[in-house]
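**Q** Fold the stuff below for me.
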Amino acid sequence: MSEPVLLPESNPFAAYEQAGFTADLCVKCNICTSACPVAPITDLFPGPKTVGPQAQRFRYDGGRGAESPDKSVDYCSGCGVCSLVCPHGVKIMEMNTRAREALYDEHIPLRNRVLGRSELLGKLGHRFAPVLNFGMGLRPARIIAEKVIGIHRDAPLPRWSFQSFREWFSRNQPAAKAPYRGQIAYFHSCAGNYYDTVVSKAAVLVLAHNGYEVLLPEQNCCGLPMQSNGEFSTARAYATRNLDSLAEYVCKGIPIVGASTSCTLSLKSDYREILQLEHPDRELVSAQVYDISEFLLEAHRRGELKTDFHALPLDSMILYHAPCQQKLHHIGQPALDLFALIPGLQVRPSDAACCGIAGTYGVKVEKYDIAMKVGEPLFEQVREIGADQPVICDSETCRWQITGATGAYSLHPVQVLAAAYGLMEFYG
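**A** Now for the predicted structure:
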């Protein structure tokens, strides 16, 4: 297996690969700061321009990045809105995330290590799902968790599924319907395997309904939770194992499809732009990774998507929120185009920038209130439509945040499609 290493200085493309070098493109226009959802909420974060390209000039040390001169970089949520809106291509979020690595310098607090181990927690905990889900709902247990490791007592946490998705798949693998369209390799993510398993089930049912034979490659956590918590060396090891496995499928012409938009983004770009991982098949895999709505919309444009959708049991409009990670794919909002194929479905796109959770950011005790204030514009839109109506969102952590903050039921777009095909109940 390949060892994860940083790009060598001799690589002629090293400067382009390293986000820190894009700081020289910054003209201090402050568009990033005006778009940042965190900076207006708290003085603890002075804004992406200040903490990003402005501070970068003081922390460069041969490509790795020295410790940030301003520890407020840890209050960057990593949502990526700054990189998305920058007119000059400055990779602000990416350089801030790299600066967080240097800030921690592998001295990772216990809480960060716990939050970075979503796969391990899922693997150890799902067999005890009823007990753990009950225990995590007890107020005293949440208060103890807050006091001991710093996870806020009111933070939205996932619920374990007793049966993992891979176990379900081994017993219920759906057969590809005619006409046969070929094979795809499904990247289910930690959430899709141990927590939000209904999303993975919906995904493979929809793919099979459209003629695809679904394969499950060997895989582990994409590494994003560790990366977000400053634990880069472990994230690189996880990323390397994924690339080793997925490359075998891509070399056979089999695309990689996932329903966790943050995980597919990691496979597409984070391994290159943030982890700076050198792997012979990194770009090969990246070019063949698809978010599931992206993949299905492309199939529709080729005339290959079945459109035998039925109207859903809804009597009013539902809200769709495109999460920050989905926007960073630069694919538009394909879920909205797919929803337009469902008879009578009325969808209102959210105009909120961010739900605030940003993966594990908003569960931390010192950042929970910031996250809730960031998400308030979205929560208000949910209340306007009515918390009795489902909210659609591509990111699992955003769905948990929306449900935790408003009580509204939240669904992945592929669950809506599966229900409209008649493959599962609308509420999962």
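**Q** For the rest of this, base every contact and every neighbour count on C-alpha atoms.
**A** Noted.
**Q** what residues are up against residue 32?
**A** Counting by Cα atoms under 8 Å, 6 or more residues apart in numbering, residue 32 makes contact with 47-49, 81-83, 85-86.
**Q** tell me which of the residues you listed is nearest to residue 200?
**A** Nearest to residue 200 among the contacts of residue 32: residue 81, at 27.2 Å, using Cα to Cα.
**Q** And the strands in this structure?
**A** 182-187, 212-215, 256-258, 289-291, 318-321, 347-349, 391-393, 410-411 (DSSP state E).
**Q** Just put the contacts of residue 32 in JSON lines and tack on distance to residue 373 and pLDDT.
**A** JSON lines is the format used below for those (distance: Cα to Cα, whole Å; pLDDT from 0 to 100):
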{"residue": "47", "distance to residue 373": "16", "pLDDT": "92"}
{"residue": "48", "distance to residue 373": "18", "pLDDT": "92"}
{"residue": "49", "distance to residue 373": "21", "pLDDT": "91"}
{"residue": "81", "distance to residue 373": "17", "pLDDT": "94"}
{"residue": "82", "distance to residue 373": "18", "pLDDT": "94"}
{"residue": "83", "distance to residue 373": "22", "pLDDT": "93"}
{"residue": "85", "distance to residue 373": "21", "pLDDT": "94"}
{"residue": "86", "distance to residue 373": "24", "pLDDT": "94"}
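**Q** Most neighbours out of these, which is it?
**A** Most neighbours among the contacts of residue 32, by other Cα atoms under 10 Å: residue 48, with 30 neighbours.
**Q** List the contacts of that residue.
**A** By Cα under 8 Å, 6+ apart, residue 48 lies in contact with 32-33, 36, 39, 76, 82, 92-93, 96.
**Q** Got a PyMOL select line for the buried ones in these?
**A** Restricted to buried positions by 16 or more other Cα atoms under 10 Å, the PyMOL selection for the contacts of residue 48 reads:
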select buried, resi 32+33+36+39+76+82+92+93+96
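**Q** Out of the contacts of residue 48, which comes closest to residue 133?
**A** residue 76 (30.3 Å).
**Q** Surely that closest one and residue 43 touch.
**A** No: Residue 76 is beyond contact range of residue 43, at 11.8 Å (criterion: Cα atoms under 8 Å).
**Q** Now do the same contact list for residue 243.
**A** Shown in contact with residue 243 (Cα under 8 Å, 6+ apart): 279, 281-282, 285.
**Q** and if we set it to 7 Å?
**A** Shown in contact with residue 243 (Cα atoms under 7 Å, 6 or more residues apart in numbering): 281-282.
**Q** That one and residue 273: what is the separation?
**A** Using Cα to Cα, to the nearest Å, we find residue 243 at a distance of 15 Å from residue 273.
**Q** Okay, the residue nearest the centre of the chain and residue 290: tell me how far apart.
**A** For the chain, the residue nearest the mean C-alpha position is residue 262 (2.0 Å; Cα atoms, centre = their mean). Plainly put, residue 262 is 11 Å away from residue 290 if you go by Cα to Cα.
**Q** Can you give me the neighbour number for the closest residue to the residue nearest to the centre of the chain other than its chain neighbours?
**A** Nearest residue to residue 262, sequence neighbours excluded (Cα to Cα, 6 or more residues apart in numbering): residue 325, at 5.4 Å. When neighbours are defined as other Cα under 10 Å, residue 325 has 24 of them.
**Q** What's the separation between the residue nearest to residue 74 when sequence neighbours are not counted and residue 84?
**A** Distance criterion Cα to Cα, 6+ apart; nearest residue to residue 74, sequence neighbours excluded, is residue 100 at 6.2 Å. Counting by Cα to Cα, the gap from residue 100 to residue 84 is 20 Å.
**Q** Identify, from the contacts of residue 32, the entry nearest to residue 24.
**A** residue 49 (12.0 Å).
**Q** is it true that the closest one touches residue 35?
**A** No: counting by Cα atoms under 7 Å, residue 49 does not reach residue 35; the two are 10.9 Å apart.
**Q** ok, now how distant is the residue nearest to the centre of the chain from residue 79?
**A** Distance, residue 262 to residue 79, by Cα to Cα: 10 Å.
**Q** and stretch 305-322, which residues are buried?
**A** For stretch 305-322, the neighbour count (16+ other Cα under 10 Å) marks 305, 309-310, 312, 317-322 as buried.
**Q** And for stretch 174-188?
**A** Neighbour-count burial for stretch 174-188 flags 174, 176, 181, 183-188 (criterion: 16+ other Cα under 10 Å).
**Q** cool, stretch 344-356 as well?
**A** 344-345, 347, 350, 352-356.
**Q** From one end of that stretch to the other, what's the distance?
**A** End residues of stretch 344-356 are separated by 31 Å (Cα to Cα).
**Q** roughly how far out does it sit from the chain middle?
**A** 17 Å (Cα atoms, centre = their mean, to the nearest Å).
**Q** ok, and what's touching that stretch?
**A** Under Cα under 7 Å, 6+ apart, the answer for stretch 344-356 is 37, 311, 317-321, 323-324, 339, 362, 371-372, 374-375, 377-378, 398.
**Q** Can you check the pLDDT for residue 61?
**A** Note for residue 61: predicted pLDDT of 55.
**Q** same check, this time on residue 181
**A** Per-residue pLDDT puts residue 181 at 96.
**Q** now residue 11
**A** Listed pLDDT for residue 11 reads 44.
**Q** Please apply the same query to the one 4 residues further on.
**A** Confidence per residue is given as pLDDT, and for residue 15 that number is 43.
**Q** follow-up on the earlier one: quick one, which of residue 100 and residue 84 is more surrounded?
**A** Neighbour totals were compared for residue 100 and residue 84, and residue 100 leads with 27 against 20 (other Cα under 10 Å).
**Q** any idea how far residue 215 is from that one?
**A** Distance, residue 100 to residue 215, using Cα to Cα: 36 Å.
**Q** and stretch 231-243, how far from the chain's centre?
**A** Put simply, stretch 231-243 sits 16 Å off its chain's centre (Cα atoms, centre = their mean).
**Q** Mark out where each domain of this structure begins and ends.
**A** Using automatic domain parsing, the domain parsing of the chain gives 14-104, 318-420.
**Q** so which of those comes closest to residue 300?
**A** Per Cα to Cα, nearest to residue 300 of those: domain 318-420, 8.5 Å.
**Q** Quick one: mean pLDDT for the closest one?
**A** pLDDT averaged over domain 318-420 gives 95.
**Q** Tell me the span between the first and last residue of that domain.
**A** Start and end residues of domain 318-420 are separated by 14 Å (Cα to Cα).
**Q** go on, stretch 388-408?
**A** 6 Å.
**Q** Pull out the buried positions in it.
**A** So for stretch 388-408, counting by 16+ other Cα under 10 Å, buried means 389-408.
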